[in-house]
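Novice: here is my input; please provide its structure:
(2 chains)
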Amino acid sequence: MFNWAISRFNLKAAHRTFLQRRLPLNITYLHCLGGIAFTLYLVLLLTGMLLSVYYVPSEAEAFQSVLNITREVPLGFLIRGLHKWSAHLFIVFLLLHMIRVVLHRAYRPPRELNWMAGTALLIPSFASGFTGYLLPWDQKAYWATVVGTNMATTIPVVGKYLLYFLRGEADVNGMTLVRFYSLHIIWLPLLTGLLLWAHFHMVKRQGISGGL
Amino acid sequence: MSSMGRIIKPQTASPQQTGERILDSSAHPAAEEGHIPANARREFLKSVIKKGFTLLAVLFGFVTLRFLYPAKIKEPELRYYALLPEEELPREGIKKAELTYKKNDKTITLRIFLVGHGDRQFALSSSCSHLGCLVSWSYHKNLFICPCHGGTYDIEGNVVSGPPPLPLSRLPLKVQDGKAFVGIRV
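Specialist: Numbering: from 1, shown residues only, chains lettered A, B, ... in the order given. The predicted structure is shown next:
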């Protein structure tokens, strides 16, 4: 049945040229770094979808619901732990992948647009990390967001308004929490997915760089 | 089949000569030499990896189900609430009553009917057995009438007409120390 579905959906034919293509000889495990980061993104999506079932994005209940996930929900500690550690490792592998591309000079034409897509991916990735950090709604999360959003005020003229835009009010409070929650679970994952698609599309079309 | 044109075909030149590695196992030059199929190791590794990923997916499926299934399920238990003095129970006819109780710090008010009929007295739930709308007693027609889909019940709660599949449910009623208690599942 699996083969039937695959053949009707024509999934294999669509990817055969990609999965069975010639690769440059000097390919190494370093070329897996981006793939590992993508795998972690998938883990984050799955565990995040599960966490959103129990998480309550409200000023009064957010902290309690996170405690509930870790202590009461069956295997909740595992799902939350997976989400947390995948998030850390996602950033690590993203940067390692970036360093690899720099060292191999794989950013050079004709791949310069893909380099831009990759660097653009850093924005929703870091933003996901920053917004996700607030969601446990404990002291550390609160003050990290107070300090983090305060940085916006250092921008001349518009800084103050940018701060209000980020926080939803003058202070970090329930408005900020819901705002960050929305960004974290809808806007940023969608944006990341879109950029990833562009990134992979260009890898597919341009092939892997022959290296140094 | 224009897409087929891009599939790599087995090549006669060795991969070292072309300077490229070929991922299609049938294209490996060693396939023509040995007694052992040249891609035996590759096929073995492939199947191990496939099984590994399948195992991982199944495992994660179980984790997901366990995670989503509620940890604590409180089965509602029958509790009795004092409603009114015994002598206020109707001998013949209907008396509307409201039962107020607390559940999870929320106050819930339940409308019920106390019925005296023949020589018996009982309590009826006011929620229609069809889809749970609240029925009302029509003194004019001597029937319980559901406003939603026109289901009707007689004074004993039996269905007279309309969509309800079951009679109105009877709530346990007991008299103790001169007071009438009604039992509900909380």
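
Novice: now the helices for chain B?
Specialist: Listed in chain order, the helices of chain B (DSSP state H) span residues B:15-18, B:40-68.

Novice: can you lay out the ones you listed as JSON lines showing mean neighbour count and mean pLDDT?
Specialist: C-betas here are computed from N, CA, C, even on glycine. Putting the helices of chain B into JSON lines (neighbours: other Cβ atoms under 10 Å in any protein chain shown; pLDDT from 0 to 100) gives the following:
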{"stretch": "helix B:15-18", "mean neighbour count": "12", "mean pLDDT": "48"}
{"stretch": "helix B:40-68", "mean neighbour count": "12", "mean pLDDT": "93"}
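
Novice: could you list the residues in contact with stretch A:173-185?
Specialist: A:48, A:52, A:57-60, A:62, A:127-128, A:131-132, A:134-135, A:137, A:145, A:149, A:166-169 (Cβ atoms under 8 Å, 6 or more residues apart in numbering or on different chains).

Novice: from those, list just the buried residues.
Specialist: Among the contacts of stretch A:173-185, the ones that count as buried by 16 or more other Cβ atoms under 10 Å in any protein chain shown are A:48, A:57, A:62, A:127-128, A:131-132, A:134-135, A:137, A:145, A:149, A:166-168.

Novice: nearest to B:Val135, of these?
Specialist: Taking Cβ to Cβ as the measure, A:Pro57 is the one of those closest to B:Val135, at 39.6 Å.

Novice: surely the closest one touches A:Gly132?
Specialist: No. Look at A:Pro57 against A:Gly132 with Cβ atoms under 8 Å: they stay out of range, at 11.9 Å.

Novice: tell me, what residue is most central in chain A?
Specialist: Nearest to the mean C-alpha position of chain A, by Cα atoms, centre = their mean, lies A:Ser125 at 4.0 Å.

Novice: that residue - nearest residue in space that isn't next to it in sequence?
Specialist: A:Leu94 (5.9 Å; Cβ to Cβ, 6 or more residues apart in numbering or on different chains).

Novice: what about the one you found, neighbour count?
Specialist: Counted with other Cβ atoms under 10 Å in any protein chain shown, the neighbours of A:Leu94 add up to 22.

Novice: now it: how far from A:Arg100?
Specialist: 11 Å (Cβ to Cβ, to the nearest Å).

Novice: ditto for A:His88
Specialist: Counting by Cβ to Cβ, the gap from A:His88 to A:Arg100 is 19 Å.

Novice: okay, the two: which has more neighbours?
Specialist: A:Arg100 (16 against 11).

Novice: looking at this, that one is in a helix?
Specialist: Yes. Per DSSP: H, G, I helix; E, B strand; the rest coil, A:Arg100 lies within a helix segment.

Novice: thought it was touching A:Tyr29?
Specialist: No. The criterion here is Cβ under 8 Å, and A:Arg100 misses it with A:Tyr29 at 10.2 Å.

Novice: just the ones in helices from the buried ones among the contacts of stretch A:173-185, please.
Specialist: A:48, A:62, A:127-128, A:131-132, A:134, A:145, A:149, A:166-167.

Novice: ok, which stretches of chain A are helices?
Specialist: Under DSSP H, chain A gives helices at A:2-9, A:11-19, A:33-54, A:62-71, A:76-103, A:112-134, A:139-150, A:159-167, A:174-182, A:188-206.

Novice: mind listing what's buried in the fifth one?
Specialist: Along helix A:76-103, these residues count as buried under the neighbour rule (16+ other Cβ under 10 Å): A:76, A:78-80, A:82-83, A:86-87, A:89-91, A:93-94, A:96-98, A:100-101.

Novice: do the same with the fourth one
Specialist: With burial defined by 16+ other Cβ under 10 Å, the residues of helix A:62-71 counted as buried are A:62-63, A:65-66, A:68-69.

Novice: export the helix or strand of chain A with the lowest mean pLDDT as CSV, just CAs?
Specialist: Counting by mean pLDDT, DSSP states H and E, chain A has its least confident helix or strand at helix A:11-19, which shows a mean of 73. This file holds the C-alpha atoms of helix A:11-19, laid out as CSV (Å, rounded to 0.1, in the frame of the first residue of the first chain):
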residue,chain,number,x,y,z
LEU,A,11,7.0,11.2,-5.1
LYS,A,12,10.0,9.1,-6.2
ALA,A,13,10.0,10.3,-9.8
ALA,A,14,9.9,13.8,-8.6
HIS,A,15,13.0,13.3,-6.4
ARG,A,16,14.9,10.7,-8.4
THR,A,17,17.0,13.2,-10.1
PHE,A,18,17.8,14.8,-6.8
LEU,A,19,18.4,11.6,-4.8
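
Novice: who are the packing partners of that helix?
Specialist: Contact partners of helix A:11-19 among helices and strands, from 3 or more Cβ pairs under 8 Å, 6 or more residues apart in numbering or on different chains; DSSP states H and E: none.

Novice: where does pLDDT dip in chain B?
Specialist: Applying pLDDT under 70 to chain B flags residues B:1-35.

Novice: how near is A:Leu121 to A:Leu96?
Specialist: For A:Leu121, the distance to A:Leu96 - Cβ to Cβ - is 14 Å.

Novice: and B:Asp119, by the same measure?
Specialist: Look at B:Asp119 and A:Leu96: by Cβ to Cβ, they are 86 Å apart.

Novice: great, nothing more from me.
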